[in-house]
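**Student:** Quick one: sequence and predicted model below, then my questions.
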Amino acid sequence: MALNPQFIGRTYPAGPSYVVGREKIREFARAIGDANPAYHDPEAAKALGYADVIAPPTFAIVVSLEAANAALFDPELGLDYSRVVHGEQTFTYTRPICAGDELIVTTIIENIRSMAGNDMITTKGIITTVAGEPVATASSMLVSRGADE
Amino acid sequence: MSASVKFSDVDLGTEIPGAIYPIDRLTLVKYAGASGDFNTIHWNERIATEVGLPNVIAHGMFTMATAVRVVTDWVGDPGAVVEYGVRFTRPVVVPNDDAGVVVEVSAKVTELLESNQVKIAITAKFEGQTVLGRAQAIVQLA
């Protein structure tokens, strides 16, 4: 089923905030095997000018994904999640995510297009603090593979 | 931000030290738990093969996280990364054995930008073939 192109430009307001925990950052850094002291040691992070440990660049996906799912699971969009693969991912950072941040994500459906029987949907999550300070953006392009038959 | 690399010390084509990163099934289980991405194709061989994959595959986001490590290790301050994007072009297939697989990452400076920023192209290879397309990071140097 083709995706509903009327969803282009639709914005999903931020849901509940995400409070970034120091141990969650450490857990994520361990999971990617990265011992960079800025992710583990608050003193090392402070020496770089941050208030607490900072998150690895791709940690932003953990914050943005749930918000994106609210858009992607909208039944009227018509996305069959079992056929979805991740096509592209881009992050921009105003500053790194830091332990102690309380973040919210506004999600925009930026584009929907069809190519060779596949649907491509691009969402952009705008990550800010609850006070409105910009932190990062996470743009995801998902490919919904067309039916085989 | 306090990058340990100076803009004046790099040039077009400057190579960044590469690295080889191991991935096995335990890696994927840890990443699933830490990231919250429990898609079954990353840990369940039966489901992975049912949907046409050769075996369990690594999370694309894990490969993306791994590839940028050469950049963050080089620049010292991971917060110096101001932009990072990739295309997922080929899966990293992870067999159910004790050896696991490796992803080889290399990178070099491809553009000198304003305000002491540089663009870095990253190459990530699995079994000799690239697994990320247009993988590039923009980094704020000192």
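**Tutor:** On my side now, so go ahead. It should be emphasised that the depicted structure is a prediction, and the values quoted were computed from it without experimental measurement.

**Student:** least trustworthy helix or strand in the chain by mean pLDDT?
**Tutor:** Because you didn't say which chain, this covers chain A. For chain A, using mean pLDDT, DSSP states H and E, the weakest element among its helices and strands is helix A:60-72, scoring a mean of 90.

**Student:** that's the other chain; I wanted chain B
**Tutor:** helix B:45-50 (a mean of 92).

**Student:** In that helix, which residues are buried?
**Tutor:** Going by neighbour count (16 or more other CB atoms under 10 Å in any protein chain shown), the buried part of helix B:45-50 is B:Glu45, B:Ala48. Where you see a C-beta, it was placed from the backbone N, CA and C, and this is true even at glycine.

**Student:** Now do that helix: everything it contacts.
**Tutor:** If you take CB atoms under 8 Å, 6 or more residues apart in numbering or on different chains as the criterion, helix B:45-50 is touched by B:Thr40, B:Ile41, B:Asn55, B:Val56, B:Ile57, B:Asn96.

**Student:** How far does that helix sit from its chain's centre?
**Tutor:** 25 Å (CA atoms, centre = their mean, to the nearest Å).

**Student:** what comes into contact with the helix or strand following that helix?
**Tutor:** Next along the chain after helix B:45-50, taking DSSP states H and E as the criterion, comes helix B:60-67. Residues outside helix B:60-67 that contact it (CB under 8 Å, 6+ apart): A:32-34, A:56-58, A:61, A:86, A:89, B:21, B:23, B:27-28, B:31, B:35, B:37, B:84, B:86, B:88, B:91-92, B:103, B:105, B:122, B:124, B:131-132, B:135.

**Student:** try stretch A:60-70
**Tutor:** Applying CB under 8 Å, 6+ apart, the external contacts of stretch A:60-70 come out as A:12, A:14-15, A:18, A:20, A:24, A:28, A:89, A:91, A:93, A:97, A:103, A:105-107, A:123, A:125, A:127, A:136, A:138, A:140, B:35-37, B:61.

**Student:** among those residues, which ones are buried?
**Tutor:** A:12, A:14, A:18, A:20, A:24, A:28, A:89, A:91, A:93, A:97, A:103, A:105-107, A:123, A:125, A:127, A:136, A:138, A:140, B:35, B:37, B:61.

**Student:** From these, which land in strands?
**Tutor:** A:12, A:18, A:89, A:91, A:93, A:103, A:105-107, A:123, A:125, A:127, A:136, A:138, A:140 (DSSP state E).

**Student:** near chain B too, which of these?
**Tutor:** Among these, the residues that sit close to chain B (CB under 8 Å from any CB of the partner chain) are A:Gln89, A:Phe91, A:Tyr93.

**Student:** Close to chain B: what parts of chain A are there?
**Tutor:** Applying CB under 8 Å from any CB, one finds that chain A approaches chain B through A:24, A:27-28, A:30-34, A:36, A:38-39, A:47-50, A:54, A:56-58, A:61-62, A:65-66, A:82, A:85-93, A:95-96, A:139.

**Student:** Thank you kindly, that will do.
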